[in-house]
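J.: sequence and computational prediction follow.
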Amino acid sequence: MTDGGSLRGVSLRRSFGTGVGRVDVLTGLDIAVEPGALTVVTGRSGAGKTTLVNILGGLDRPDSGRVLLGDEVLSEAPRERLLELRRTRIGMVFQDFGLIPVLTAAENIEVPLRLAREEPRRRDARVAELLERMGLSRHARHLPSQLSGGQQQRVGIARALAAAPTVVLADEPTAQLDQETAASVLDLLVDLTRERGLATLVTTHDPLVVARADQVIHLHH
């Protein structure tokens, strides 16, 4: 089990635009994503779900408030440190899969390990392990265009886990999947969260995902 502490947001505020066009998206949100637990964030479009994921993942900074990864203040970290943390501690899964179309499934999973300059033999073993865990061993050499939506999302999850992060942030990971495939992907995320002690946050409109959550946070806008 991974022991990386929780990911916390304290009094997070974020707005876009100025003057009469200003839109307040997050207005003092407190959130804690704990190891081994699935936190689900719901809310209608525009409520701030993706904004929250970007802030918690260090892709954006709050206007005020703090993000803490364990005892480290992520929201105040310099760019180089944020890049390092996203490579090693924070795995991200995207609604549109976010795979590199010219790379095979195995090569997509391998990207974070290459960025981390992992030794080739260990890199290959890690990719093979993840492909097997995702049920994708037979599809290792397939391009994203040769995979179903569910298979692509499994590659995306494997890529997020490649560097053994302590936190996984998934932005509507089942939105483009049919109900049966979405349930399969959800089962995988829940199992991995429990097995590896991950602090996992998922944004969603899907009631199936909400029903499996340890904690549900509703964003209103």
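T.: That came in fine, so what should we check first? Residues are numbered from 1 along each chain as shown.

J.: what comes up buried for the helix or strand encompassing T181?
T.: Using DSSP states H and E, T181 sits in helix 179-196. Buried residues in helix 179-196, defined by neighbour count with 16 or more other CB atoms under 10 Å: T181, A182, A183, S184, V185, L186, L188, L189, V190, L192, T193, R196. In this view, the C-beta of every residue, glycine as well, is placed from N, C-alpha and C.

J.: list the residues that contact the residue nearest the centre of the chain.
T.: Residue closest to the average C-alpha location in the chain (CA atoms, centre = their mean): L169, at 2.4 Å. L169 makes contact with V53, L56, G57, I90, G91, M92, V93, T200, L201, according to CB atoms under 8 Å, 6 or more residues apart in numbering.

J.: so what would you say the end-to-end distance of stretch 192-203 is?
T.: 17 Å (CA to CA, to the nearest Å).

J.: relative to the whole chain's centre, how far out is it?
T.: Relative to its chain's centre, stretch 192-203 lies at 10 Å (CA atoms, centre = their mean, to the nearest Å).

J.: what sits up against that stretch?
T.: 1-7, 33-42, 49-50, 52-53, 56, 157, 161, 165-173, 189, 209, 213.

J.: can you select the buried ones among the residues you listed for me in PyMOL?
T.: With 16+ other CB under 10 Å as the criterion, this PyMOL line picks the buried residues out of those:
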select buried, resi 2+4+5+6+7+33+34+35+36+37+38+39+40+41+42+49+50+52+53+56+157+161+165+166+167+168+169+170+171+172+173+189+209+213
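
J.: so A213, which state does it fall into?
T.: coil (DSSP: H, G, I helix; E, B strand; the rest coil).

J.: what about the protein, any weak spots by pLDDT?
T.: 1-5, 221 (pLDDT under 70).

J.: so who does the residue nearest to V102 when sequence neighbours are not counted touch?
T.: Nearest residue to V102 in three dimensions, chain neighbours excluded: L143, at 7.4 Å (CB to CB, 6 or more residues apart in numbering). By CB under 8 Å, 6+ apart, the contact list for L143 reads P101, V102, L103, T104, A105.

J.: same question for R86.
T.: Contacts of R86 by CB under 8 Å, 6+ apart are G57, G58, L59, M92.

J.: relative to A140, how far out is it?
T.: 25 Å (CB to CB, to the nearest Å).

J.: so what does the closest residue to D63 other than its chain neighbours have for phi and psi?
T.: Leaving aside its sequence neighbours, D63 sits nearest to R13 (CB to CB, 6+ apart; 4.9 Å). With angles defined as degrees, to the nearest 10, R13 sits at phi -130, psi 140.

J.: which of the helices or strands spans the residue nearest to the centre of the chain?
T.: strand 167-171.

J.: can you list the strands that that strand pairs with?
T.: strand 90-93 (parallel), strand 199-203 (parallel) (DSSP bridges).

J.: which element follows the shortest one toward the C-terminus?
T.: Counting by DSSP H and E, the element after strand 90-93 in chain order, helix or strand, is helix 105-115.

J.: what lies in contact with that next one?
T.: Contacts for helix 105-115 (CB under 8 Å, 6+ apart): 87, 99-100, 103, 123, 126-127, 130-131, 136, 139-144, 147, 151, 155-156, 158-159, 162-163.

J.: so which residues of the chain form strands?
T.: Using DSSP state E, the strands found in the chain span residues 7-16, 23-33, 37-42, 64-69, 72-73, 90-93, 167-171, 199-203, 215-218.
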